[in-house]
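A.B. asks: Sequence and predicted model, in that order:
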Amino acid sequence: MKLCVATMLLCAGYAAGGQAEYVGGTVSALSQGHGGSVEATDQKFFVFYSKKASVRIPYEQINLVEYGQKVDRRYLSAALISPLLILAKKRTHFLTVGYKDEEGHQQAMVFRIEKSAIRSLLVSLEARTGLKIQFQDEEARKAGKG
């Protein structure tokens with residue numbers, strides 16, 4: 001079923017990926033704040049591309065896919081613009097990918113993903129890895145399942 005959904009998304013023109021920022025993890029080739037794009041459209045690899053580096057992880061090596069959100073209220077900017085905007089929330093979307101490297105060591109990468117890309121990326125990763133997405137909380141589950 002999930003493979004059918006991923007296939008439909010890809011055929012409909014939705015890319016399973018998008019703009020991302022590496023926010024942390026164990027990959028020495030990447031530094032915190034490294035911007036680029038993540039893609040799960042390749043048949044064999046999950047990839048992160050940037051101007052300075054790229055990382056390709058075989059799907060069969062991935063053993064964790066986790067999604068979470070951080071919700072920030074923008075008090076300072078809202079108070080300056082309009083008191084009504086104090087209630088506005090900004091959601092930041094995070095994807096964690098855990099995997100075994102070529103030497104068998106556990107590695108992890110955490111990305112901040114743009115809102116428009118997160119659902120198709122999660123569906124594609126679930127279909128390609130065969131893993132269930134782990135959600136950090138109920139709000140993330142609702143947003144990720146759409």
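C.D. replies: In hand now; what should we look at? The structure displayed is predicted, hence computed values, not measured ones.
A.B. asks: buried ones in the longest helix seen in the chain?
C.D. replies: The residue-count maximum for a helix in the chain (DSSP state H) belongs to helix 115-129. Judged by neighbour count (16 or more other C-beta atoms under 10 Å), helix 115-129 contains these buried residues: 117-129. From N, CA and C alone the C-beta is placed, and that goes for glycine too.
A.B. asks: ranges for the strands of this structure?
C.D. replies: Using DSSP state E, the strands of the chain run over residues 17-25, 34-39, 45-49, 54-58, 62-73, 89-100, 106-113, 134-135.
A.B. asks: Which strands or helices does the fifth one pack on?
C.D. replies: The one in question is strand 62-73. Packing partners of strand 62-73 (3 or more C-beta pairs under 8 Å, 6 or more residues apart in numbering; DSSP states H and E): strand 89-100, helix 115-129, strand 134-135, helix 138-145.
A.B. asks: For the residue nearest in space to the middle of the chain, give me its contacts.
C.D. replies: Nearest residue to the geometric centre of the chain (C-alpha atoms, centre = their mean): Leu95, 3.4 Å. For Leu95, the contact set (C-beta atoms under 8 Å, 6 or more residues apart in numbering) comprises 20, 38, 65-67, 110-111, 113, 118, 121-122.
A.B. asks: Recalculate using a threshold of 7 Å.
C.D. replies: 67, 111, 113, 121 (C-beta atoms under 7 Å, 6 or more residues apart in numbering).
A.B. asks: Among the helices and strands packed on strand 62-73, which comes closest to Glu60?
C.D. replies: Closest to Glu60 of the helices and strands packed on strand 62-73, according to C-beta to C-beta: helix 115-129, at 7.8 Å.
A.B. asks: okay, that closest one in CSV with CA atoms only?
C.D. replies: Extracted C-alpha coordinates of helix 115-129, given in CSV (Å, rounded to 0.1, in the frame of the first residue of the first chain):
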residue,chain,number,x,y,z
LYS,A,115,7.5,21.9,5.0
SER,A,116,6.4,21.2,1.4
ALA,A,117,8.8,18.3,1.1
ILE,A,118,8.3,16.4,4.3
ARG,A,119,5.3,14.2,3.5
SER,A,120,6.5,12.8,0.2
LEU,A,121,10.0,12.3,1.7
LEU,A,122,8.6,10.3,4.6
VAL,A,123,6.4,8.2,2.3
SER,A,124,9.3,7.4,0.0
LEU,A,125,11.7,6.6,2.8
GLU,A,126,9.1,4.2,4.4
ALA,A,127,8.5,2.5,1.1
ARG,A,128,12.2,2.2,0.1
THR,A,129,13.6,1.1,3.5
